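Undergrad: Fold the stuff below for me.
(one chain, ligands or ions: 1)
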Amino acid sequence: MKKVTLRMQINSTQNPFSENPEINEHLKEFVLQQQVYRAAIKEIKTKLEILDEEFEAKYDHNPINHMEYRLKSPKSIVEKMEKRGLEITVDSIRKSLTDIAGVRVICNYLNDINRITNLLLRQDDITLIRKNDYITCPKENGYRSLHLIVLVPIFLAERTESIPVEIQIRTIAMDFWATLEHQLKYKGQHEISENLRDRLKSCAESITHLDMEMQTIYKEINLKACLDE
Ligand code: 0O2
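TA: From the prediction side, this is the model:
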């Protein structure tokens, strides 16, 4: 997920998205309707900030290290729709894609991931529609992260819309691996060799141990601080 500013997305309405004029018209119309997705990102971001601040006030600990967010670019939308063999119309994009609005939450420690997930999903206006736990079951290449697709209501002047948001929740260490792996995958013109795949997977395993050890150290330091008080 690239860090794309919302302003860049708005400005892209002036540029052609596709070689096909018909697709281009649909995409232009879709971009004009993207306001609800921007609003959904804001809602989720604010909810998470509030939870993080409350946790800090109560327990002197911030579960969230930082957040990133992005709207899927028209180019990525076209690629995904074409890959799935779907027609590219505003309706079909809105019905088929659940990752147009994306929020990435980078947590400090492993336990923070479940903490933040449970607190968010407990909220009455949030509906979970999919959960992919690549932490309990990492992907074959070693990728680890918790993915949620949630629906959040957006209250507009004349109607309320339920908008899907993809939330990826991971530790700093998982994010480090995923970011570099993503860059490496797209850097080379050729398929990554088996040897490199194995080495990347081994890095992912080292990172898993690192996360567990950091969590243990954090717990031990906290326990000692409690006993010293
Ligand atoms: P972008 O630009 O990163 O958003 P979906 O089509 O999304 O409904 P999918 O592809 O099975 O179904 O979803 P999944 O597996 O939950 O993955 C969605 C996103 O997770 C990807 O978005 C990546 O951001 C991230 N991701 C998944 N697998 C990997 C991986 O092996 N390595 C890295 N670095 N990231 C991964 P997109 O669609 O690729 O684009």
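Undergrad: Need the contact partners of stretch 193-204.
TA: 138, 141-144, 177, 181, 184, 192 (C-beta atoms under 8 Å, 6 or more residues apart in numbering). Every C-beta, even on glycine, is put in place using the N, C-alpha and C of the backbone.
Undergrad: do stretch 79-87 as well
TA: 72, 88, 92-93, 96-97.
Undergrad: circling back: ok, of the contacts of stretch 193-204, which one's closest to L48?
TA: Comparing these against L48 with C-beta to C-beta places R144 closest, at 19.9 Å.
Undergrad: check contacts around the closest one.
TA: For R144, the contact set (C-beta under 8 Å, 6+ apart) comprises 134-135, 138, 170, 174, 177-178, 204, 207-208.
Undergrad: same deal with R115?
TA: So R115 contacts 55, 63 (C-beta under 8 Å, 6+ apart).
Undergrad: and the gap between it and the ligand?
TA: 21 Å (C-beta to the nearest ligand atom, to the nearest Å).
Undergrad: picking up where we left off before, let me have the contacts of stretch 79-87 in JSON lines, extended by neighbour count.
TA: Below are the contacts of stretch 79-87 laid out as JSON lines (neighbours: other C-beta atoms under 10 Å):
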{"residue": "K72", "neighbour count": "22"}
{"residue": "I88", "neighbour count": "23"}
{"residue": "S92", "neighbour count": "15"}
{"residue": "I93", "neighbour count": "23"}
{"residue": "S96", "neighbour count": "15"}
{"residue": "L97", "neighbour count": "19"}
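Undergrad: Hmm, I167 is touching V105, no?
TA: Yes. Proximity of I167 to V105 meets the contact threshold set by C-beta atoms under 8 Å, at 6.4 Å.
Undergrad: on that earlier part again, from the contacts of R144, which single one is nearest the ligand?
TA: The nearest member of those to the ligand, counting by C-beta to the nearest ligand atom, is A178 at 3.9 Å.
Undergrad: Secondary structure element holding that closest one?
TA: A178 belongs to helix 172-187 when assigned by DSSP states H and E.
Undergrad: got the contact list for that helix?
TA: Taking C-beta under 8 Å, 6+ apart as the rule, helix 172-187 contacts 65, 104, 106-108, 135, 141-145, 170, 192, 196, 200, 203-204, 207, 210-211, 214.
Undergrad: Can you show me the helices along the protein?
TA: For the chain, the helices defined by DSSP state H occupy 6-11, 21-32, 35-59, 74-83, 90-96, 110-121, 172-187, 194-228.
Undergrad: I appreciate the help and will end here.
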